[in-house]
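Trainee: generate a structure from the sequence data that follows.
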Amino acid sequence: MLSEGDKTRAKRFVMFTVFVYALGFGIIIPVLPSFIMMLEDIDLARATFLGGLIASSYALFQFLMGPLIGNLSDRFGRRPVFMLSLIGFAIDYLLMGFAPNVIWLFVGRSIAGGLGAIFGPANSAMADMLSEDERAKGFGLIGAAFGIGFVLGPAIGGLIANYDPRLPFFLAAGLAGVAFVYGFFAFPETLPESKRRPFDLKRANPVGALRALGKVPAIHRLAAVYLLWLTATNIYPATWSYFARAQYGWDNAFVGYSLAIVGISMAMFQTLVIGRSVKRFGERRTALIAISCAIIGFTFNMLNPIGWATLLVCFLIGVQAMALPSINAMMSRRVSESMQGELQGFNGSLSALAALIAPLLYNSVLTYAIAPESSIYFPGAPFAIAIAIAALTLVIIASVETRAQPGVARQSI
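Mentor: Next up, the predicted model:
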């Protein structure tokens, strides 16, 4: 069993790693549209479509590998999975930094998707150390670490890209290396031998994980909520950099500033608000509030043509960040301690599936909406789809039981 000191060190590393992941991810997001246009000498509409395909290549491999990574973490522990993920991200960023064409971007993103499962091990490690009632807050801290990284990342990336468009990728690779060294010396294993289980290849794939976890009551509806919600909110990482250029004419730096505002808001709500909200309203109601606010934000972005007004909405986007930790905690209640890693690997695959669908869906719509040959110029079109998906999410989660049934939530499969 971990001592309190070991738990503190483990929590710090988990949050630092998620912070570094968000920082690196945020650094490159504002740069990708102009970087793709530079590599291939194409316009924004075509770069939007290529950017969607590149994002989907990352998500495809993450979808295929998520359950495998989760099962490996349940068998061998969280520490080796963290180390492998950080190596994958470092390789990805280096390949992108040296890329002579977009094929290198596809290869780098695919490697990162296959090896770079950060959130699954992070959530599993938190679940190892926290009681059921503390997990929503713990998952919220992970989200807050992501939000803080996302405050600095886009702003830094947008600024330094003005000096050298490849510099953000090399900086992100260096950060991944720093996190690896830190974890190698400071991260204790959080999963004790007594809670590990044999590796099962049948459950180490998306279909096998779905079949196994499908035996737990209400997991199907919660899985649908998880997938739909992430598909809706993935409009921001998938499309925002392209949308903001088309709608408001923003450059790398301004896109970075807007994403930094989103990061500040996410960090505030996930650090200061979610714990109190869950304590007062419960996990399901907190998620309902967050999703409802997201629908309002999507609607505003779809219709608003004024850039400075959108910056105000960017600050309010953080409200929606309370939904995912709440949904995750509801799912975590319904599986045994020995399956927490598998659950998070399964959720990682759902996240990857959403990240696979979203760029193909939203970027294809945006490509058509802003193409020179298009009859109607409407950059806000992707947000109409996000509104519909979020509304469906709202309906489904309203039908889910607030708590798992006694004697079933702790079931092992």
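
Trainee: which secondary structure element is home to Phe298?
Mentor: In this structure, Phe298 sits in helix 283-303 according to DSSP states H and E.

Trainee: buried stuff in that helix?
Mentor: Residues of helix 283-303 classed as buried: 283-291, 293-295, 297-302 (neighbour count, 16 or more other C-beta atoms under 10 Å). (C-beta placed from N, C-alpha, C; glycine too.)

Trainee: low-confidence stretches in the protein?
Mentor: 1, 117, 203-204, 206, 208-218, 341, 345, 401-413 (pLDDT under 70).

Trainee: contact partners for the spatially most central residue of it?
Mentor: Residue closest to the average C-alpha location in the chain (C-alpha atoms, centre = their mean): Ser351, at 6.8 Å. Neighbour list for Ser351: 62, 66, 119, 226, 230 [criterion: C-beta atoms under 8 Å, 6 or more residues apart in numbering].

Trainee: output the longest helix belonging to the chain.
Mentor: helix 44-76 (DSSP state H).

Trainee: helices or strands up against that one?
Mentor: Contacts defined by 3 or more C-beta pairs under 8 Å, 6 or more residues apart in numbering; DSSP states H and E place helix 44-76 against helix 32-40, helix 78-97, helix 102-115, helix 119-129, helix 206-213, helix 235-248, helix 340-358, helix 364-370.

Trainee: that helix: how far from the chain's middle?
Mentor: 11 Å (C-alpha atoms, centre = their mean, to the nearest Å).

Trainee: and if you look at stretch 282-300?
Mentor: For stretch 282-300 - counting by C-alpha atoms, centre = their mean - the centre lies 17 Å from the chain centre.

Trainee: i'd like the first residue to be 477 from this point on
Mentor: Okay, residue one is now 477; in that scheme the one you just asked about reads as stretch 758-776.

Trainee: thought Arg485 was touching Pro664?
Mentor: Yes: using C-beta atoms under 8 Å, Arg485 is in contact with Pro664, at 6.1 Å.

Trainee: Leu643: what's it in contact with?
Mentor: 636-637.

Trainee: now it: phi and psi?
Mentor: Dihedral pair for Leu643: phi -60, psi -40, per degrees, to the nearest 10.

Trainee: and the angle for the helix holding Phe774 with helix 711-724?
Mentor: 20 degrees (axes from the mean of the first three to the mean of the last three C-alpha atoms, to 10 degrees).

Trainee: between the helix or strand following helix 759-779 and helix 711-724, how many degrees?
Mentor: Counting by DSSP H and E, the next helix or strand C-terminal to helix 759-779 is helix 783-792. If you take the same axes, to 10 degrees, helix 783-792 sits at 170 degrees to helix 711-724.

Trainee: rewinding a little: and of the helices and strands packed on helix 520-552, who's closest to Gly650?
Mentor: helix 554-573 (8.3 Å; C-beta to C-beta).

Trainee: how about Thr843: what's its closest non-neighbour residue?
Mentor: Leaving aside its sequence neighbours, Thr843 sits nearest to Phe525 (C-beta to C-beta, 6 or more residues apart in numbering; 4.4 Å).
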